[in-house]
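In: sharing a model prediction with you, sequence too.
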Amino acid sequence: MFKKFFWHYIINYKNYNSSLLALIFVILGEVCFKNKIFAQSFESVKIISVLSGSGTNNALFKATSSTIPSLAYIKAQKIGGPQNGFFTQQGDDIRYTAISSTSGIPGNLSRIRFTFLKSDKKTPIEGNNFRFIINDIDGPDNEALATNCDANLRFLGTANPTNLIVANLPPNIIAVGSLEENDGPTSRVMFEFSNVSVIELDNYANDGYLKDFDMNNDYPISTPLYVRCKTVSSSLYTQNSAEIEKQPIEFEKNNDLVLIKTNTIYFDLDKSEIRADAKKELETVLDILNKYPEIQISIQSHTDSRAQDEYNIKLSNERAKASANWLIEKGINSARISTKGFGETKLVNKCSNGIDCTEEEHQMNRRTEFVVINPEVIKKEE
């Protein structure tokens with residue numbers, strides 16, 4: 001009901017005033033005033049050239065970063081949604097131009113993905129911190145950008161004051177244009193991600209509308225207002241029941257994510273070695289990767305809340321890599337696998353710092369999941 005009301009409001013209300021905008025911003029986004037947050041240190045990235053696919057929805061860009069020696073390319077793809085678009089280079093940024101047969105939000109959606117790659121053009125780099133700033137999101141009923149809060153989004157930022165409406169539709173957060181504006185800082189939105197090598201965004205734009213994705217602060221926001229995600233589970237980007245019925249039985253949906261269906265893979269306390277009981281589950285993953293040779297996966301590992309935060313991030317990264325190495329040793333191409341450690345940031349129960357829990361309860365958090373990062377190819381294999 002809330003989402004239906006929100007989209008009805010966005011589509012039909014054409015004359016926002018500043019006081020109403022501020023009210024909607026505070027109600028729908030979790031604005032951080034009491035617990036003040038600051039922009040993270042992010043890796044500056046410049047686009048050098050287009051290697052292939054300029055003017056298409058699947059382009060490979062030559063990129064450089066003084067702080068990420070392993071970064072050589074960025075793959076930009078349109079991966080979903082009812083509408084299309086194409087990528088080009090704009091200065092040292094990536095431009096995406098919408099091709100949409102439908103005018104107006106939410107029908108003018110296309111989902112896009114950026115993958116940060118090593119020099120072999122296939123292997124994702126290790127997770128790093130990235131900032132995207134996108135200029136000039138027009139409205140009303142023209143443009144918006146959204147992303148999944150579970151994808152290591154640290155926060156969304158806008159100018160203060162802003163001409164954007166920021167709404168939390170968990171697990172997603174979205175910035176919607178409310179006024180038509182040319183190159184104005186109050187229509188800019190900033191997404192900051194932590195420890196990622198793949199970023200996905202839902203792009204809402206009418207035909208011919210373009211967005212420049214800046215990764216080196218070409219469009220600075222001098223007085224940013226930061227918004228964190230709320231943590232209620234539901235979905236903005238949904239499938240209808242017929243699409244869900246078509247999902248092969250080897251996979252399962254978890255909000256917007258498609259997971260390889262396995263029993264939980266657990267790890268011993270302070271260990272990253274693959275246990276005997278985990279090998280059976282990894283055999284299942286191996287069989288599925290062989291059955292669906294186009295699938296790429298992100299292996300995501302987690303720890304319990306004991307030990308220091310930094311240590312737990314390191315340990316979970318080691319656990320994810322241990323699972324990846326097991327699969328690679330069995331013949332899976334390393335280019336199909338990326339890894340990500342979340343430490344204790346995604347506990348599945350109450351067992352956070354200072355809470356008394358049994359060993360069995362803590363073990364539930366020491367887990368590994370196999371997320372399909374290109375689920376659009378699964379149906380090709382059915």
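Out: Sure, I can see it.

In: would you map the strands across the stretch 1-150 of the chain?
Out: Per DSSP state E, counting those that start in this stretch, the stretch 1-150 of the chain carries strands over the ranges 30-31, 46-52, 58-64, 73-80, 84-90, 93-99, 109-117, 128-134, 144-148.

In: tell me which other helices or strands the second one touches.
Out: Which is strand 46-52. Contact here means 3 or more Cβ pairs under 8 Å, 6 or more residues apart in numbering; DSSP states H and E; on that basis strand 46-52 packs against strand 58-64, strand 84-90. Just so you know, the C-beta spots here come from the backbone N, C-alpha and C atoms, and that holds for glycine as well.

In: how about that strand: buried residues?
Out: Residues of strand 46-52 classed as buried: Lys46, Ile47, Val50, Leu51 (neighbour count, 16 or more other Cβ atoms under 10 Å).

In: tell me the one of the residues you listed nearest Ile378?
Out: Nearest to Ile378, judged by Cβ to Cβ, of the buried residues of strand 46-52 is Leu51 at 27.5 Å.

In: how about the closest one: what's its closest non-neighbour residue?
Out: Nearest in space to Leu51, with sequence neighbours left out and distances taken as Cβ to Cβ, 6 or more residues apart in numbering, is Leu60 at 4.5 Å.

In: and what of Glu180?
Out: The nearest residue in space to Glu180 (Cβ to Cβ, 6+ apart) is Asp138, at 5.0 Å.

In: show the backbone phi and psi for that neighbour.
Out: phi -80, psi 160 (degrees, to the nearest 10).

In: that one and Ser187 touch, don't they?
Out: Yes: Asp138 lies in contact with Ser187 (Cβ atoms under 8 Å); the separation is 6.9 Å.

In: what is in contact with these two at once?
Out: Shared contacts of Asp138 and Ser187 (Cβ atoms under 8 Å, 6 or more residues apart in numbering): Gly177, Leu179, Glu181.

In: so Phe370, which state does it fall into?
Out: Following DSSP: H, G, I helix; E, B strand; the rest coil, we place Phe370 in the strand state.

In: contacts only, for it.
Out: Phe370 is in contact with Leu259, Ile260, Thr262, Val285, Ile297, Ser298, Ile299, Gln300, counting by Cβ under 8 Å, 6+ apart.

In: not counting residues beside it along the chain, what's closest to it?
Out: Ile260 (4.1 Å).

In: give the contact list for Ser298.
Out: Residues near Ser298 by Cβ under 8 Å, 6+ apart: Val198, Ile337, Ser338, Thr339, Lys340, Phe370, Val371, Ile373.

In: with adjacent residues omitted, what lies nearest to the second one?
Out: Leaving aside its sequence neighbours, Ile337 sits nearest to Ala324 (Cβ to Cβ, 6+ apart; 4.8 Å).

In: show me what counts as buried in the helix or strand where that neighbour lies.
Out: Using DSSP states H and E, Ala324 sits within helix 309-329. Residues of helix 309-329 classed as buried: 312-324, 326-327 (neighbour count, 16+ other Cβ under 10 Å).

In: show me what that helix is packed up against.
Out: Short answer (3+ Cβ pairs under 8 Å, 6+ apart): helix 309-329 packs on helix 276-291, strand 297-301, strand 337-341, strand 367-372.

In: of all those, which one comes closest to Asp92?
Out: strand 337-341 (25.0 Å).

In: pLDDT averaged over whichever helix or strand comes after the closest one - what is it?
Out: The C-terminal neighbour of strand 337-341 among helices and strands, as given by DSSP H and E, is helix 359-363. What helix 359-363 shows for mean pLDDT is 80.

In: and stretch 331-338, by the same measure?
Out: When pLDDT is averaged along stretch 331-338, the result is 87.

In: ditto for stretch 201-221
Out: 93.

In: and it, end to end?
Out: End-to-end distance of stretch 201-221 (Cα to Cα, to the nearest Å): 20 Å.

In: quick revisit: for the residue nearest to Glu180, grab the count of nearby residues.
Out: Applying other Cβ atoms under 10 Å, we find 20 residues neighbouring Asp138.

In: quick one, what contacts it?
Out: By Cβ under 8 Å, 6+ apart, Asp138 lies in contact with Gly177, Leu179, Glu180, Glu181, Ser187, Tyr209.

In: so which of the strands of the stretch 1-150 of the chain is the most surrounded?
Out: Mean neighbours per residue, mean count of other Cβ atoms under 10 Å, is largest over the strands of the stretch 1-150 of the chain for strand 144-148, with a mean of 24.

In: show me what it is packed against.
Out: By 3+ Cβ pairs under 8 Å, 6+ apart, strand 144-148 packs against strand 172-177, strand 189-196, strand 198-204.

In: the closest residue to Gln90 other than its chain neighbours: what secondary structure?
Out: The shortest distance from Gln90 to any residue other than its chain neighbours is 5.1 Å, reached at Asp212 (Cβ to Cβ, 6+ apart). For Asp212, the assignment made with three-state DSSP gives strand.

In: ditto for Val377
Out: Reduced to three states with three-state DSSP, the structure at Val377 is helix.

In: surely it touches Val258?
Out: No: between Val377 and Val258 there is no contact under Cβ under 8 Å: 10.7 Å.

In: okay, the two: which has more neighbours?
Out: Comparing Val377 with Val258 by other Cβ under 10 Å, the one with more neighbours is Val258, at 22 against 14.
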